[in-house]
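1. here's my sequence, what's the structure:
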Amino acid sequence: MVTIGRKGSRSQLLTDEQDLRSRLMEVHWLNRGGGALVHAPGQLAVYPIVPLDRLGLGLADYRAALERAVIGACSELKVAATGGREAPGVFCRTGQLAWIASAVRNWVTHQGLFLNVAPAMHLLRLVASTPGGAPPTSLAAQRTRPVSMHAAREHLIRHLAEQLGYDRWHLYTGHPLLERTRRMVHAPA
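-> Below is the predicted model of the structure:
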């Protein structure tokens, strides 16, 4: 699926709609920040619902908290990352790892952030990169080995709760698609 936020336009699509339909990818226009994003398997989407006014956070503070949470999770996974200066998101040496695409109504957030754990990179290149021109990348590409979606999710949620000042939180893993899986990876000796 491709979503296009308030700052996006059709010109960000680097392919035509017929090609997207042939890939069974729909285009949706959303009332969130940011431009065009591709959503694909291997990408971690987090939609925090946070009362900014109760936490005493402004929009810039919230964006910074999301970026710091992703940077903290990346650090635990041994990937050096920094927050975006020109565009909201998290960047590493070879490109953009995470996008911040939030929306706020009545000082309550919805939508959120998207972290590339191990998506099919060719799909992410169907839309134009960020205004700074950083290409999309992923945690798996940075580490040059598989990254567990479960581990990335646990690290990110823990850092997000810490950044937003929550000391009590629960990571729900009861959904059948969120179960831990074990894959055998054979590496040459």
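2. need the next SSE after the longest strand seen in the chain, C-terminal direction.
-> Longest strand in the chain, counting residues (DSSP state E): strand 95-105. Moving toward the C-terminus from strand 95-105, the next helix or strand (DSSP states H and E) is strand 108-116.
3. model confidence for the residue nearest to the spatial centre of the chain, exactly?
-> Here the mean C-alpha position of the chain is nearest to the C-alpha of residue 114 (C-alpha atoms, centre = their mean), at a distance of 1.3 Å. Looking at residue 114, its pLDDT is 94.
4. I'd say it and residue 47 touch.
-> No - with contacts counted by C-beta atoms under 8 Å, residue 114 stays clear of residue 47, the gap being 9.8 Å. Yep, even glycine has a C-beta here, placed from its N, CA and C like the rest.
5. please name every helix or strand in contact with the longest strand of the chain.
-> Packing contacts for strand 95-105, counted by 3 or more C-beta pairs under 8 Å, 6 or more residues apart in numbering; DSSP states H and E, involve helix 59-76, strand 89-92, strand 108-116.
6. how about the helices of this protein, start to end?
-> Taking DSSP state H as the criterion, the chain contains helices spanning 17-22, 52-55, 59-76, 121-124, 139-143, 149-163.
7. quick check: mean pLDDT across the second one?
-> Read that as helix 52-55. 96.
8. before we move on, the earlier item: gap between the residue nearest to the centre of the chain and residue 121?
-> 14 Å (C-beta to C-beta, to the nearest Å).
9. can you check the pLDDT for residue 1?
-> 90.
10. oh, that last question was meant for residue 176, not what I typed.
-> 68.
11. low-confidence stretches in the chain?
-> 130-132, 173-189 (pLDDT under 70).
12. residue 64: neighbour count?
-> Using other C-beta atoms under 10 Å, residue 64 has 16 neighbouring residues.
13. next up, the contacts around it.
-> With contacts defined as C-beta atoms under 8 Å, 6 or more residues apart in numbering, residue 64 is in contact with residue 83.
14. distance of it from residue 128?
-> Counting by C-beta to C-beta, the gap from residue 64 to residue 128 is 25 Å.
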